[in-house]
Every structure is written in structure tokens, then in C-alpha cells.
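>>> A structural model of the following input is requested.
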Amino acid sequence: MGMDRAIKKKRWTAKRIIWLSIIVVAGSSLAWATLNVSNKSTRRINADYLTIATVNSGQFRDFTSVQATVEPRQSQPVNILQGGTVAEILVEEGDIVQAGDPLVRFEDPDFELSVLEKAGNISDQINNNNESRLRLEQDLRSLKTQLLDREYELKLTQRDIATKESLFKKQLVSRDEMERLRDDLEYKKRKLDQLKADLDEKKKQYPEKLQLLDDSDKRAKLRLQSVEKSIDKLITRAPISGQLIEMDIELGQRKGAETLGRIDDISAFILSADVGEYYINRVKKGQAATFTYNGNQYRATVDKVFPTITNGAFKIRLAFEQQPSNMRRGLTLQLQLELGAASHSLLLADGAFYQDTGGNWAFVLDASGQVATKRDISVGRRNSEVMEIRSGLREGEQVIVSSYSGLEGIDEVILTK
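Coordinates of the predicted model:
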């Protein structure tokens, strides 16, 4: 009888192969996921070294903080008009002076001698004009006198002819005598006519020549006044009323035509501030700014914008709406310059992290407050206190806002004690 032969059962059935494949794939996926988690970049930081802020909803005030310097509205240099040796100092730096007050007196013998010579020459010209005026009057009077004499001589000749005419008829006077008398009469008439014409011409010219002399006198007297006043230039005077500053001078010094100091009008002040070039298109005349001084809040208004950018900033000038007391040149005030109207927004405190991220991402804490994860965000307007959050954060979330220096490439921050 034949023996039955045992048949070996196949170990790798199709079903086993399928299940084994599933297990291998699942295991590979788990291993990859585990590896991926382990590659997450993490940094542990003591919480005491971090600044954390909470996202809140509120009014966003569109302003920028600027440091302003108090300056006098009017300030003028004190210029030396005529220099020389300092003979007398009449005031001290810091004194309050009035416009026209003498400040310093100089001496310059050469200049003074030159002034005296000029004044003498002008006086001589005025005297010459007076003499010319006198000669004109004398010439006119002389012609009038000559005219009277000629008229009288003519009458005598006419009377003589009339007398001898009757004698001539009686043949007591010769014909030659009568002709001589008539010729003499004709000559005297022509001479009288010429004298009248000369007198008329003199009378016509007299007012014109007199006016020329008068005008010359006026100009000469003005020059004389100017020359005499030039002596006063040796005294340097205050151009305006105010406080004298920046004056550095000593007795015996030799000074030329230069600036001696300045005078500040301390009755009215303005503010001057540098604003970052980023805001050049957002600052206009008429915009308001606020500041606190001695515990009180004040307002100022931009009254001029200087468009030239220097070292990344442009200048603005502001006028006080109500000037605080005790303002002084050089005093600094912190202003909040308004750039736009307030609006309701999601807000986050401004911090150094913005400089590191440009407002494109931030580390946001989870509910436990122990782990902060890197998250993309979008930031809108900023002022010196807060920034406007457009997306990426929710009200109540907490964000690390201190510097992210050294956290480049880090995905997660774990806060420790």
C-alpha cells in the first residue's frame, strides 16, 4: 500500500504579502513623521529675558514721535559795521537789550580822519554853491541897474533932440549936429533893447540855475549827514530787542566788519524738528502735534516743511498754539506728530522684533504660555507705541515683541524659568 506524502504549506501567500506591504509602508510613514518632528528647530529661552505683549482691539492714533528743539521765532546777528580797536564794552552776554542800544564802541583814528576830510570837502561844496547863488543874484541886480541907466540916457538924448530940433529949424544948429544926435539916439535904443533881452534871458535862467544849486545843496547835505553818521558806525548797536548771546569780545581787541554775536527775540518761540524721510509725503503744513511740558499738554501746528533730505531726515517748523512759559533756546520736547485720523484696529505693542522681521512674522505663544511658534503676520501702520495688525493674529493672543536677534531660522521658542 502506498504511503501518503505530506505536502508543505506555502509561507508567502498573496494575502501575507499584501499585509506585509501595508505594514512596511505604515512603518516608513511613521518613521518619516518622527524624523520630521525631530528636525523642528527649537530654542529654549528664559522668559525673564523676553518682552511679551497681548493683541488688543482699540483706537489707532496715526502719529510719529519726533524730538523738537525750541528756537526763537526771530534771531538776528549783531554785525560790526565799522571795526577798529575795542574801546568800550557796554553790555555782557545774556543781557536783555532794546533795539538801538549801544553794545560796543570801537576806535579807528585813520577812519575818523577820513570822515573829517570828506565832511570838509562836502562843506566846501555847499559854500561854493552859496557863492554861486550870490553871484546869480548880483548879476541880475546889475543888469536891472544898467537897464535903468540906459533908459535914463535914452530919455536925455530924446529931450536933447527935441530941444535942438526947434533950433535947427531956426538954423541955429547945424545939420551935422542933428544927424549925430539922431545916430546916438538910435544906438542907445539898440543898446537898451539888447540889455532888455539879456535881462529877460537872465530872469529865465535864474530859477533853473537856482534849482540846480538847491538840488546840489540837498545832495551835498545828505552826503554830509551820511558821512557824519559813519562816525556812529564805530558804535555797534542792537538790531532788535531781545537777549544778547554768543558774544565773545575783549577790550583792546582788533575787530573787522564781522559778526559780534546774536540777539534772540525771547517774546516768541517756535519748534524745529527732524522727521525721518519715510514720512516726507505724509507731513504737510497745518498738521497738529501734541507734547507734554511740566505736566500740562500743549499743541503745536506745522507751519513750514523743508523738503531737503539730509542724513535720512527732513526739517519741519512748528508754531505753538499756546506757548508754555519759561521757554528757552535749545530746550528739547518730545512731540507726537499726527499723520492721520484715528481708527479702530487690532493693535500690538511696537517692539524691536519689527526691525528683525519687517513685520512679516512673529513668535506667537500657545494657550499654555510656554511655547511660542513662528507665524506669518501682516502689519499696517505704526506709531512709536503700537502697530496695526492686518492679519495673522487674533485679539487676546500673546506675542514676543522683544528683539529676535539670534533667532534666525528658529521655528519654536520654549519659555523657561
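>>> contacts, neighbours, all on C-alpha from now
Will do.
>>> by contact count, what packs against the strand ranked longest in the chain?
Looking across the chain with DSSP state E, the single longest strand is strand 296-310. Secondary-structure packing of strand 296-310 (3 or more CA pairs under 8 Å, 6 or more residues apart in numbering; DSSP states H and E): strand 288-293, strand 313-320.
>>> swap the cut-off to 10 Å and go again
strand 269-276, strand 288-293, strand 313-320, strand 332-338 (3 or more CA pairs under 10 Å, 6 or more residues apart in numbering; DSSP states H and E).
>>> That strand pairs with which strands, parallel or anti?
Counting by DSSP bridges, the strands paired with strand 296-310 are strand 288-293 (antiparallel), strand 313-320 (antiparallel).
>>> what residues does the first one touch?
Residues outside strand 288-293 that contact it (CA atoms under 10 Å, 6 or more residues apart in numbering): 63-66, 68, 297-303, 318-321, 324-325, 333-340.
>>> picking up where we left off before, can you redo the helices and strands packed on strand 296-310 as a markdown table, where the extra columns are mean neighbour count, mean pLDDT and distance to Y404?
Output for the helices and strands packed on strand 296-310, formatted as a markdown table (neighbours: other CA atoms under 10 Å; pLDDT from 0 to 100; distance: least, CA to CA, whole Å):
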| stretch | mean neighbour count | mean pLDDT | distance to Y404 |
| --- | --- | --- | --- |
| strand 269-276 | 20 | 96 | 24 |
| strand 288-293 | 18 | 95 | 32 |
| strand 313-320 | 20 | 97 | 27 |
| strand 332-338 | 20 | 94 | 27 |
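>>> Turn the ones you listed into JSON lines, columns for distance to V401.
Listed next are those as JSON lines, based on distance: least, CA to CA, whole Å:
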{"stretch": "strand 269-276", "distance to V401": "23"}
{"stretch": "strand 288-293", "distance to V401": "26"}
{"stretch": "strand 313-320", "distance to V401": "26"}
{"stretch": "strand 332-338", "distance to V401": "22"}
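>>> how about the helices in the stretch 151-300 of the chain?
Here the stretch 151-300 of the chain has its helices, by DSSP state H, counting those that start in this stretch, at 175-232.
>>> repeat for the stretch 301-417 of the chain
353-357.
>>> if you go through it in chain order, where are the strands?
313-320, 332-338, 343-349, 361-365, 371-376, 378-382, 386-391, 398-400, 412-416 (DSSP state E, counting those that start in this stretch).
>>> Please compute how far the longest one lies from its chain's middle.
Strand 313-320 sits 11 Å away from the centroid of its parent chain (CA atoms, centre = their mean, to the nearest Å).
>>> Then the fifth one?
Once both centres are worked out by CA atoms, centre = their mean, strand 371-376 turns out to sit 51 Å from its chain's centre.
>>> Counting neighbours, what do you get for S343?
If you count neighbours by other CA atoms under 10 Å, S343 ends up with 12.
>>> how about the nearest residue to A273, chain neighbours excluded?
A68 (4.3 Å; CA to CA, 6 or more residues apart in numbering).
>>> now the host helix or strand of that neighbour against strand 288-293, angle please.
In the assignment (DSSP states H and E), A68 maps to strand 63-72. Strand 63-72 and strand 288-293 are oriented at 70 degrees to each other (axes from the mean of the first three to the mean of the last three CA atoms, to 10 degrees).
>>> Now do strand 63-72, average pLDDT.
Averaged over strand 63-72, pLDDT sits at 94.
>>> Relative to it, what are the paired strands and their orientations?
strand 269-276 (antiparallel), strand 332-338 (antiparallel).
>>> Next one: P207 relative to L147, how far apart?
20 Å (CA to CA, to the nearest Å).
>>> can you check P77 too?
68 Å.
>>> Please apply the same query to R73.
Counting by CA to CA - R73 and L147 are separated by 75 Å.
>>> Show me which of the two is the more surrounded one.
L147 (20 against 14).
>>> which ones are touching the residue nearest to that one when sequence neighbours are not counted?
Nearest residue to L147, sequence neighbours excluded (CA to CA, 6+ apart): L195, at 6.3 Å. Contacts for L195 were tallied using CA under 10 Å, 6+ apart; they are 143-144, 146-147, 150, 189, 201.
>>> Give the buried subset of the residues you listed as a ChimeraX selection command.
A single ChimeraX command selects the buried members of the contacts of L195 (16 or more other CA atoms under 10 Å):
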select :143,147,150,189
